[in-house]
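>>> Fold the stuff below for me.
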Amino acid sequence: MTFEEIKNSSRLLYHYIAGSTLYHCNEPDSDIDSKGLFIATPDELLGLGFDKQFRDKYKDVLNLYSTQIDDDKNDNVVYEIGKYMSMLLSSNANVLESLFVPEDMMLIKPHKCLDGLFANRDKFITKACFHPFVQYAIEQIKKARGLNKKIINPVTERLTSFDFAYTFYGQGSTKIRNWLENRHLDKDFCGLVHIPNMHDVYGVYYDWGAHFEKYGIKSVEDLKRSNIFDFVVGFYNLLDEYDGLPSLIKVSSWFNKNKEILHYRGMCLDNATDMRGSSVSKGENPLCWMTYNESGFKSHCKLYKEYQDWVKERNPKRYESNLNKNYDSKNMYHCVRLMRMGKEIANGDGIILDRREAGDRDLLMDIRHHKFEYDEIMALVTKEEVELNEAIANSKLPDEIDASMVNDLLIDIRKKYYGNF
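Predicted coordinates for the structure are as follows:
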């Protein structure tokens with residue numbers, strides 16, 4: 001079912017302009033969003049298509065009961081009256097405002113079957129409204145902070161688990177990557193053995209035979225000319241005890257002892273989250289001890305994916321406009337609007353959609369036009385949040401919506417539209 005099919009079948013009960021245009025905070029080139037209500041046919045309501053069990057089993061043959069119809073961008077949405085009433089009962093902020101839309105913003109005025117609903121609209125304004133308003137505002141803050149992080153700290157490089165492995169260095173630590181590279185060693189020739197009773201701590205062993213083969217070290221003379229010689233002599237103490245110089249006898253003995261290839265498995269695979277363990281002979285001595293920050297790597301992977309998804313989906317024009325201020329001005333304008341509307345509801349002023357009447361349109365447009373720095377807008381949001389919480393605490397509104405009333409209204413709407421069936 002499409003929106004046009006709903007409209008042409010005369011089942012569109014109410015259709016109105018939504019979004020920034022409704023609040024008179026739109027830009028000249030802003031898209032015009034819309035929302036509305038439609039009603040299902042008696043056959044859809046009474047037939048098998050309404051039952052979830054049958055929908056799942058016979059979804060290919062049933063004329064399914066549609067509860068929501070929207071376009072590709074979700075800019076234009078219409079709800080079936082049953083779903084709409086359920087959303088009203090949960091004090092959905094976007095749906096609640098539909099009851100207070102000025103006539104000049106109505107594309108199709110409410111059908112007469114909705115008269116009882118609009119006559120009781122004030123009964124939907126309760127303390128239950130606050131949670132959706134506050135929650136929606138908090139989501140806008142998170143989005144703004146998220147954009148700030150994405151602009152200041154873009155996650156453009158996909159790291160591997162190897163980048164989250166560390167070893168001791170001085171009184172601190174260093175990445176195992178740096179430690180190995182500074183000694184001209186290769187991570188693929190390392191063998192890891194997990195240390196029992198120590199979380200994510202490993203002994204790092206080295207396959208010297210594999211290293212010799214890869215770099216063409218076939219003799220002690222080759223070893224002496226290689227870039228690992230100084231490290232090997234120092235680490236294994238292959239020095240003459242009298243003059244402190246490399247001992248040819250000790251070097252030769254060490255070289256012959258380590259020529260065998262041990263086939264260690266390396267440290268990790270690029271796309272794996274786990275370190276790779278190896279089988280190491282008893283009595284072998286580790287090069288060093290290593291710790292692996294697995295949770296840090298998983299967090300990086302999540303941030304990287306979120307960043308790449310954001311790059312694919314972001315609106316280029318909107319991104320460029322937000323780039324210098326490090327926050328999404330549209331998110332923050334909605335955040336402040338929601339908090340102010342929440343305060344008005346708590347104070348008994350009702351739902352004021354036209355922000356010119358509320359007296360804060362200029363402020364909201366200044367926010368939308370990036371006339372505040374990031375720190376300034378976050379300070380304003382914090383202030384608004386404090387005031388909203390105070391207003392909620394002092395509110396005299398009823399606690400919640402009467403569910404029986406909502407049920408009776410829905411039944412009345414369906415009966416009036418279909419002439420008591």
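>>> Quick check, pLDDT for the closest residue to Glu385 other than its chain neighbours.
Nearest residue to Glu385, sequence neighbours excluded (Cβ to Cβ, 6 or more residues apart in numbering): Met339, at 6.3 Å. All C-beta atoms are positioned from the backbone trio N, CA, C, and that covers glycine. Met339 carries a pLDDT score of 90 in this model.
>>> Surely Met339 is in contact with Ala137?
Yes. The criterion here is Cβ atoms under 8 Å, and Met339 meets it with Ala137 at 5.1 Å.
>>> Most distant residue from the centre of the chain?
Tyr242 (64.7 Å; Cα atoms, centre = their mean).
>>> Name the helix or strand for His131, please.
helix 130-152 (DSSP states H and E).
>>> where do the helices sit along the stretch 101-250 of the chain?
Per DSSP state H, counting those that start in this stretch, the stretch 101-250 of the chain carries helices over the ranges 115-119, 130-152, 176-182, 208-214, 220-225, 229-235, 248-257.
>>> got the contact list for Leu239?
Leu239 sits next to Val233, Leu245, Pro246, Ser247, Lys250 when contact means Cβ atoms under 8 Å, 6 or more residues apart in numbering.
>>> Got a quick PyMOL command for the buried subset of the residues you listed?
Buried residues within these, by 16 or more other Cβ atoms under 10 Å, are selected in PyMOL with:
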select buried, resi 233+246+247+250
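>>> Can I get the contacts of Leu239 in a markdown table including distance to Pro42 and pLDDT?
Formatted as a markdown table, those follow (distance: Cβ to Cβ, whole Å; pLDDT from 0 to 100):
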| residue | distance to Pro42 | pLDDT |
| --- | --- | --- |
| Val233 | 91 | 95 |
| Leu245 | 100 | 91 |
| Pro246 | 96 | 91 |
| Ser247 | 99 | 93 |
| Lys250 | 96 | 95 |
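>>> of the contacts of Leu239, closest to Gly277?
Val233 (29.5 Å; Cβ to Cβ).
>>> I'd assumed Val251 was in contact with the closest one.
Yes. In this structure Val233 lies within contact range of Val251 using Cβ under 8 Å: 6.8 Å.
>>> re the thing from before, what's the least confident stretch among the helices of the stretch 101-250 of the chain?
Among these, helix 130-152 carries the lowest mean pLDDT, at a mean of 70.
>>> mind listing what the residue nearest to the spatial centre of the chain touches?
Taking Cα atoms, centre = their mean as the criterion, Glu306 is the residue nearest the geometric centre of the chain, at 6.3 Å. Listed by Cβ under 8 Å, 6+ apart, the contact set of Glu306 reads Val155.
>>> can you give me phi and psi for it?
Phi and psi for Glu306, reported as degrees, to the nearest 10, are phi -60, psi -40.
>>> confidence score at it?
Here the pLDDT value assigned to Glu306 is 82.
>>> what about it, distance to Lys312?
According to Cβ to Cβ, to the nearest Å, Glu306 and Lys312 sit 11 Å apart.
>>> Check Ile17 too.
30 Å.
>>> Distance check, Pro398 against Phe124.
On the measure of Cβ to Cβ, Pro398 and Phe124 end up 10 Å apart.
>>> of those two, who's got more company?
Each of Pro398 and Phe124 has its neighbours counted (other Cβ atoms under 10 Å); Phe124 has more, 21 against 12.
>>> domain assignment for the protein?
The record assigns the chain these domain ranges, following automatic domain parsing: 1-124+399-421, 161-294.
>>> how about the ones you listed in JSON lines, adding distance to Leu363?
Shown next, in JSON lines, are those (distance: least, Cβ to Cβ, whole Å):
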{"stretch": "domain 1-124+399-421", "distance to Leu363": "10"}
{"stretch": "domain 161-294", "distance to Leu363": "44"}
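>>> Which one, of those, ends up nearest to Glu344?
Closest of the domains of the chain to Glu344 is domain 1-124+399-421, at 11.4 Å (criterion: Cβ to Cβ).
>>> List the contacts of Ile413.
Neighbouring residues of Ile413 by Cβ under 8 Å, 6+ apart: Ile39, Ile81, Cys113, Leu114, Gly116, Leu117.
>>> pretty sure the fifth one is touching Ile411, no?
No. At 10.3 Å, Gly116 does not count as touching Ile411 under the criterion of Cβ under 8 Å.
>>> what about the two, which has more around it?
Taking other Cβ under 10 Å, Gly116 and Ile411 do not tie; Gly116 has more neighbours (15 against 11).
>>> Now do the contacts for the more buried one.
By Cβ under 8 Å, 6+ apart, the contact set of Gly116 is Leu409, Asp412, Ile413.
>>> Model confidence for the last one, exactly?
What it means is Ile413. 96.
>>> Same question for Arg265.
With respect to pLDDT, Arg265 scores 91.
>>> Can you tell me the element it falls in?
Going by DSSP H and E, Arg265 is not part of any helix or strand.
>>> Can you tell me the number of residues neighbouring it?
Arg265: 17 neighbours (other Cβ under 10 Å).
>>> For it, which residues are in contact?
Gly191, Leu192, Arg276, Gly277, Ser278.
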